[in-house]
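Participant: Have a look at this fold, sequence not included:
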Ligand SMILES: [Zn+2]
Ligand SMILES: [Zn+2]
């Protein structure tokens with residue numbers, strides 16, 4: 001079977017590997033779609049904190065069960081599944097509270113284990129015990145759509161943590177994949193006023209068409225005034241920056257009202273020279289709420305959002321590549337080309 005292996009940063013190599021053997025308590029999943037995440041790009045180019053080489057990247061995985069070992073109950077060959085990438089211990093305080101994304105023992109597919117950029121992935125007993133396999137009940141949901149569950153679940157996590165209500169004014173900075181997924185989650189929760197700040201005009205127009213209530217250009221000198229007007233002088237309650245770079249973080253602090261809340265769900269590069277004005281947290285009594293990835297519970301909620309049609313990710317599918325074209329797919333992500341790039345396998 002084919003697998004793309006990251007030998008070291010900058011070196012993705014197509015390998016022919018032996019098909020994994022399905023042992024007792026294990027299942028084999030044929031990967032049918034694996035969405036490329038910005039984290040994959042970061043791992044492939046500069047490396048990442050938890051990454052050990054050689055490694056098969058990819059943690060946004062949809063596929064089909066093709067074999068099951070003895071003692072596996074509740075799963076059938078041919079079932080369509082989403083694989084939650086985090087394998088947690090199940091017994092620590094975080095795991096017991098359903099906060100398994102924070103488990104000290106957590107191992108993540110595509111970081112600590114091989115991930116989805118291979119034709120077949122083995123789910124071993126430990127992963128099975130961690131209930132990483134989620135059956136898809138909706139036969140109409142395409143594998144490409146299923147591969148959005150993980151990033152959608154990360155948006156569910158941050159918004160869960162932010163405890164907004166329907167009247168909250170939410171600003172999302174960045175109208176790419178995660179910005180739009182955050183919009184969809186907010187709208188599914190009934191939040192009435194969701195505003196996009198985005199430099200790119202095409203993305204602003206697209207954002208408006210997909211449900212943002214108002215869209216602005218971040219470099220507009222009248223931005224603060226316009227935000228006051230569009231919120232009837234209420235101001236911005238919550239901001240979620242959805243683009244890399246500390247400038248978005250700085251802008252978030254500038255536009256938040258006093259007592260507002262910053263939702264911080266994806267890290268920024270630490271070697272960037274720009275320094276956000278964090279004193280604004282002090283002056284404006286801003287709350288900062290962080291989130292890291294998603295728990296198994298958030299994955300299930302994201303799956304339900306797709307299956308119930310409360311969220312439709314189809315408009316985000318812009319590029320499809322074959323497994324052997326992964327490097328080209330990474331280039332789309334690097335160049336900000338389109339809204340998503342998905343590795344599709346038959
Ligand atoms: Zn991801
Ligand atoms: Zn744990």
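Facilitator: Right, received. Where do you want to start? These numbers come from a predicted model, not from an experiment. Ligands and ions are numbered 1, 2, ... in the order given.
Participant: just checking, what packs against the lengthiest helix in the chain?
Facilitator: Secondary structure assigned by DSSP state H gives helix 149-162 as the longest helix of the chain. Other helices and strands packing on helix 149-162, by 3 or more Cβ pairs under 8 Å, 6 or more residues apart in numbering; DSSP states H and E, are helix 177-188, strand 236-241, strand 256-264, strand 287-290, helix 296-307. For the C-beta atoms, the positions are set from N, CA and C on the backbone; glycine is no exception.
Participant: ranges for the strands of the stretch 51-200 of the chain?
Facilitator: Using DSSP state E, counting those that start in this stretch, the strands of the stretch 51-200 of the chain run over residues 61-68, 80-83, 86-87, 107-108, 120-123, 133-135, 169-173, 193-197.
Participant: What of the stretch 201-346 of the chain?
Facilitator: Along the stretch 201-346 of the chain, counting by DSSP E, counting those that start in this stretch, strands occupy 214-216, 236-241, 256-264, 287-290, 319-321, 341-344.
Participant: circling back to that earlier point, between the helices and strands packed on helix 149-162, which one is closest to ligand 2.
Facilitator: helix 296-307 (11.2 Å; Cβ to the ion).
Participant: Give me the contact status of the closest one with ligand 2.
Facilitator: No - using Cβ under 5 Å from the ion, helix 296-307 stays clear of ligand 2, coming no nearer than 11.2 Å.
Participant: That helix vs helix 177-188, what angle?
Facilitator: Using axes from the mean of the first three to the mean of the last three Cα atoms, to 10 degrees, one finds that helix 296-307 and helix 177-188 are set 80 degrees apart in direction.
Participant: how far is helix 296-307 from where the chain is centred?
Facilitator: Averaged C-alpha coordinates place helix 296-307 at 12 Å from its chain's average position (Cα atoms, centre = their mean, to the nearest Å).
Participant: In this protein, which residue sits furthest out from the middle?
Facilitator: residue 70 (33.3 Å; Cα atoms, centre = their mean).
Participant: What residues are bridge-paired with the closest residue to residue 121 other than its chain neighbours?
Facilitator: Using Cβ to Cβ, 6 or more residues apart in numbering and skipping the chain neighbours, the partner closest in space to residue 121 is residue 29 (5.2 Å). Residues in a beta bridge with residue 29, per DSSP bridges, are residue 65, residue 121.
Participant: Good, we can wrap up now.
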